[in-house]
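In: pasting the sequence and the predicted model now:
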Amino acid sequence: MEASSYVKPRPCTLRELSPAVHWARHHVRAPSFQWKRRIYDFELLFVKHGEIAATIGGERHLARAGTLLVLPPWIPHIVEIRSEPHAELLGIHFDFFDGTAAGHRFIVDESQIDPSAFSAVPYVSDKPLLAGYCFANVSGRIVALMEGVIQEWNERQSGYDAACKAMLLHLVALLARRGGEARPLPRPKHEERLLALADEIRRHCGRRWTSTEMAKFLLVHEDYMSRQFKALMGIGPNKFVQSVRHQEAKRLLRETDDTIERISLLVGYDDFHYFSRIFKRWEGMSALQFRKLSRTV
């Protein structure tokens with residue numbers, strides 16, 4: 001049977017989507033680890049830290065921290081870890097319609113393929129819902145939704161499946177709006193220095209990262225730095241700093257007992273009230289509400 005015959009387009013509207021999670025994990029992989037496979041369902045694979053290379057249907061993508069890959073059913077893919085000592089990943093296997101492939105393993109056994117087990121591909125207005133494979137620098141909202149799905153699916157408390165469904169619907173809607181952004185962007189000048197700057201911001205988000213400081217790092221003018229940074233990362237430098245600080249603040253709220261005032265200082269905000277406003281803008285709730293929720297669900 002030709003591989004293309006496994007494709008199962010399903011015309012639908014967004015209202016008809018009813019996503020179901022098959023597997024969800026936060027995991028860390030060393031460079032010795034490699035996936036080489038096909039899957040029956042879809043996988044969302046977010047690079048939280050480090051770098052991976054993904055070859056999807058013969059097309060190679062380099063995915064650095066902040067990148068989300070959408071791995072579709074039936075298309076062969078290879079995922080390689082490129083960063084030392086490891087890469088930190090968020091992974092969710094799911095399908096768009098309740099029950100699709102739910103009774104099957106999601107990894108294809110090439111010696112015994114079940115064509116009926118492949119998940120249907122949603123088509124909205126005669127186009128696939130998610131047309132791209134690689135989304136660079138996804139928003140903090142998308143990352144938070146992935147983390148929420150992983151937490152709900154692993155804790156399996158009452159109503160977890162409904163909670164996962166709601167968060168996946170929200171996540172898919174946000175990705176669908178970005179559909180045209182999944183195409184590779186042209187590589188700007190100073191790529192290596194820009195990537196080094198992004199890594200420095202991730203490692204030391206509490207530093208005073210003004211446009212002047214970032215431009216000095218590259219030895220270029222501020223306006224030029226800002227344009228080149230956005231061309232490579234898909235997001236402006238100041239918003240990137242906010243995003244990194246927000247993710248670190250969430251980690252500290254979940255994993256430490258530090259006061260919110262101290263956390264605001266650790267992630268680079270001298271003004272606690274400004275930190276509180278920024279956090280609520282990114283997360284949709286206060287830092288205190290986030291801490292309570294993360295420890296009760």
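Out: Here it is on my side, so go on. Residues are numbered from 1 along each chain as shown.
In: what's the helix or strand for the closest residue to residue 202 other than its chain neighbours?
Out: Nearest residue to residue 202, sequence neighbours excluded (Cβ to Cβ, 6 or more residues apart in numbering): residue 244, at 5.4 Å. In short, each C-beta sits where N, CA and C put it, glycine included. Per DSSP states H and E, residue 244 falls inside helix 237-255.
In: check residue 141 too.
Out: Using DSSP H and E, the element containing residue 141 is helix 140-155.
In: again with residue 227
Out: In this structure, residue 227 sits in helix 222-233 according to DSSP H and E.
In: so that helix versus helix 237-255, what angle?
Out: Helix 222-233 runs at 60 degrees relative to helix 237-255, counting by axes from the mean of the first three to the mean of the last three Cα atoms, to 10 degrees.
In: picking that back up, who are the contact partners of the residue nearest to residue 202?
Out: 201, 202, 205 (Cβ atoms under 8 Å, 6 or more residues apart in numbering).
In: is it correct that the second one falls within a helix?
Out: So the one you mean is residue 202. Yes: under DSSP: H, G, I helix; E, B strand; the rest coil, residue 202 sits within a helix.
In: where's it relative to residue 209, distance?
Out: Distance of residue 202 to residue 209, computed by Cβ to Cβ, to the nearest Å: 11 Å.
In: what about the two, which has more around it?
Out: Applying other Cβ atoms under 10 Å to residue 202 and residue 209 shows that residue 209 carries more neighbours, namely 22 against 17.
In: check what pLDDT the residue nearest to the more buried one when sequence neighbours are not counted gets.
Out: Nearest residue to residue 209, sequence neighbours excluded (Cβ to Cβ, 6+ apart): residue 241, at 4.7 Å. pLDDT for residue 241: 90.
In: count of neighbours near residue 241?
Out: Counted with other Cβ under 10 Å, the neighbours of residue 241 add up to 22.
In: that one touches residue 201, doesn't it?
Out: Yes: using Cβ atoms under 8 Å, residue 241 is in contact with residue 201, at 5.8 Å.
In: OK, contacts around residue 13?
Out: Applying Cβ under 8 Å, 6+ apart, the residues contacting residue 13 are residue 124.
In: ok, it to residue 137 distance?
Out: Per Cβ to Cβ, residue 13 is found 29 Å from residue 137.
In: in the protein, what secondary structure element scores lowest on mean pLDDT?
Out: The least trusted helix or strand in the chain, going by mean pLDDT, DSSP states H and E, turns out to be strand 127-128, with a mean of 80.
In: what does that strand rub up against?
Out: Here strand 127-128 has contacts from 9, 121, 122, using Cβ under 8 Å, 6+ apart.
In: how about the contacts made by the closest residue to the second one other than its chain neighbours?
Out: Pointing back at residue 121 there. Nearest non-adjacent residue to residue 121, counting by Cβ to Cβ, 6+ apart: residue 9, 5.4 Å away. Shown in contact with residue 9 (Cβ under 8 Å, 6+ apart): 120, 121, 123, 128.
In: returning to that earlier point: where does the next helix-or-strand element following the helix holding residue 244 sit relative to the chain's centre, distance-wise?
Out: Using DSSP H and E, the helix or strand that follows helix 237-255 in sequence is helix 260-266. Here helix 260-266 is found 25 Å from its chain centre; the criterion is Cα atoms, centre = their mean, to the nearest Å.
In: got it, and stretch 23-36?
Out: 15 Å.
In: how about low-confidence regions in the protein?
Out: Within the chain, the ranges that satisfy pLDDT under 70 run 1-6, 99-104, 131-132, 179-189, 231-234, 296-297.
In: what about the strands in it?
Out: Counting by DSSP state E, the segments of the chain that form strands are 9-11, 20-29, 34-37, 42-49, 51-56, 59-64, 68-71, 77-81, 87-95, 121-124, 127-128, 134-135.
In: which one of the ones you listed lies closest to residue 105?
Out: Of all those, strand 20-29 sits nearest to residue 105, with 9.2 Å by Cβ to Cβ.
In: ok and that closest one relative to strand 42-49, angle-wise?
Out: 30 degrees.
In: just the C-alpha atoms of strand 20-29, please, in PDB.
Out: Extracted in PDB, the C-alpha atoms of strand 20-29 (Å, rounded to 0.1, in the frame of the first residue of the first chain):
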ATOM      1  CA  ALA A  20      -8.300  13.500  22.800                       C
ATOM      2  CA  VAL A  21      -4.900  13.000  24.400                       C
ATOM      3  CA  HIS A  22      -3.100   9.700  24.100                       C
ATOM      4  CA  TRP A  23       0.200  10.500  25.900                       C
ATOM      5  CA  ALA A  24       1.700  13.700  27.400                       C
ATOM      6  CA  ARG A  25       5.100  14.100  29.100                       C
ATOM      7  CA  HIS A  26       7.800  16.500  30.000                       C
ATOM      8  CA  HIS A  27      11.000  14.700  29.200                       C
ATOM      9  CA  VAL A  28      14.800  15.200  29.000                       C
ATOM     10  CA  ARG A  29      16.800  13.500  26.300                       C
END
